[in-house]
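Student: pasting the sequence and the predicted model now:
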Amino acid sequence: MSHVTGPTMSPSVPGSDARAAYTPAGLGRGVVPLRPLQAGEILDGAVTAMRAHPGVMLGLSALVVTVGQAVAIPLDYLYLRFLAGLVNDNTTLGSGTGLNDLAMLRPGILINALIVSLLVGLLTAAVARAALGRPVTLAQVWASTRPRLLRLFGLSLLIFVALFGLLILGMVPGLLLAAAGSPAAALVLLLGIGAAAVLAVNRWVAWSLAAAALVLEEQPVRRALKRSSTLVKGGWWRVVGVSLLALLVSEMIAVVLSVVQEVVVGSNLSPVADNGDGTFSGHHVSLLYVFLGALFSAAIQSVVSPFAASVMALQYVDRRMRREGLDIQLAMNARHQRESSAAGGGPAPGNGPAA
């Protein structure tokens, strides 16, 4: 998105006087006020966007999640059957619990993480229009994101692989020392995981607005990552704070649905069962239970993902208003449109609201 400068001030240097002088009266009433946002306004705006446009927000999310689960179901089934097949007479309580822990890393969980990242980009266009009070339809969202869908998928995959790779690299020194029988292996492993986690969180926050930059500014993948880092710079703690609040709200919703999932599916997705007499057995993991688990997972993601995506999109808008005076740009664009319409001409080139 290009910057539009006014005759008396630069919109890239926001100030209170400019915001008082230029109000975006030419724009529709959006889900958030067009000024730097408070954390509560971002969260409230995300919920308002979902309530105002449930067909687009929840419908698109459900569609993408369903496609992802269609891929995850057979992979989860084969993975859980493989873990169940590892149970033998030498399986102890510790190793049996370890196999059940490995079940938590089934392919479907990893695919869900990738889907959430992808949905942030897909729903960004919808939230941006909702923030400006523009009509939001599935056709408009698809038209905005379809040309950039391949790049968006590549961006989501790149971020996922990079963050996951950092965690793996942090474990390597400790694992090598453990294989060599070093007594310092546990300490090195703990420090490595801790350092990798800190770095991964830092990069996750720095890149959290990359999908919005890619979709709304038509940036390529590499420049979208750099653009996100630039927008987050100077507001890292604010971005991570709002993101953690959104994560807390999302987890509260997910926990409620997960309790229902546990009641219905139970431990049937656990590949190892304790027989109660010191022996263990591998479950015959039923495809039906894998399907039910995927169904509940899809329901959880279909509700949680639009909220997370909306928060990220609104944080992008907030960071642009704080760093670049986006609210002033939009107000001036609206004023130019009104003046052009009053003069009998169409909108001046480059003066249309372009968020």
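Tutor: Arrived safely. No experiment lies behind these values; they were computed from the predicted model shown. Numbers count the residues shown, from 1 in each chain.

Student: which residue is nearest the middle of this protein?
Tutor: In the chain, the residue lying closest to the centroid (C-alpha atoms, centre = their mean) is Ser117, at 4.2 Å.

Student: shaky segments in this structure?
Tutor: Applying pLDDT under 70 to the chain flags residues 1-29, 87-101, 103-104, 261-286, 334, 336-339, 341-355.

Student: can you give me the strands for it?
Tutor: With strands called from DSSP state E, the chain shows them at 272-274, 280-282.

Student: in the chain, which helix has the most residues?
Tutor: If you go by DSSP state H, the chain has its longest helix at helix 287-324.

Student: packing partners of it?
Tutor: The contact analysis (3 or more C-beta pairs under 8 Å, 6 or more residues apart in numbering; DSSP states H and E) places helix 287-324 against helix 39-52, helix 54-85, helix 107-131, helix 210-216, helix 221-232, helix 236-265, helix 326-342. C-beta here means a position set from N, CA and C on the backbone, and glycine is covered the same way.

Student: of all those, which one comes closest to Ile159?
Tutor: With C-beta to C-beta as the criterion, Ile159 lies closest to helix 107-131 of those, at 6.1 Å.

Student: would you mind getting the angle between the closest one and helix 221-232?
Tutor: Using axes from the mean of the first three to the mean of the last three C-alpha atoms, to 10 degrees, the direction of helix 107-131 lies 60 degrees away from that of helix 221-232.

Student: the longest helix of the chain relative to helix 221-232, how many degrees between them?
Tutor: Calculated by the same axes, to 10 degrees, helix 287-324 forms an angle of 60 degrees with helix 221-232.

Student: could you list the buried residues of helix 287-324?
Tutor: Burial within helix 287-324, assessed by neighbour count using 16 or more other C-beta atoms under 10 Å, is assigned to 289-290, 292-324.

Student: now that helix: how far from the chain's centre is it?
Tutor: Put simply, helix 287-324 sits 6 Å off its chain's centre (C-alpha atoms, centre = their mean, to the nearest Å).

Student: how close does the nearest residue to Leu257 once chain neighbours are set aside get to Ile115?
Tutor: The spatially closest residue to Leu257, leaving aside those adjacent along the chain, is Ile300, at 4.7 Å (C-beta to C-beta, 6 or more residues apart in numbering). Remark: distance between Ile300 and Ile115 (C-beta to C-beta, to the nearest Å) = 11 Å.

Student: which residues touch Ser297?
Tutor: Shown in contact with Ser297 (C-beta atoms under 8 Å, 6 or more residues apart in numbering): 69, 72, 108, 112, 261.

Student: do that again at 7 Å, thanks
Tutor: 69, 108, 112 (C-beta atoms under 7 Å, 6 or more residues apart in numbering).

Student: could you report the neighbour count for Gly55?
Tutor: 10 (other C-beta atoms under 10 Å).

Student: also Trp236?
Tutor: Neighbour number of Trp236 under other C-beta under 10 Å is 13.

Student: list the contacts for it?
Tutor: Trp236 sits in contact with Val205, where contact means C-beta under 7 Å, 6+ apart.

Student: how much space separates it from Leu187?
Tutor: 29 Å.

Student: again with Ala162
Tutor: Here Ala162 is placed at a distance of 26 Å from Leu187 (C-beta to C-beta).

Student: same check on Ile193?
Tutor: According to C-beta to C-beta, Ile193 stands 11 Å off from Leu187.

Student: ditto for Arg146
Tutor: For Arg146 relative to Leu187 (C-beta to C-beta), the value is 51 Å.

Student: also Arg320?
Tutor: As judged by C-beta to C-beta, Arg320 and Leu187 stand 44 Å apart.
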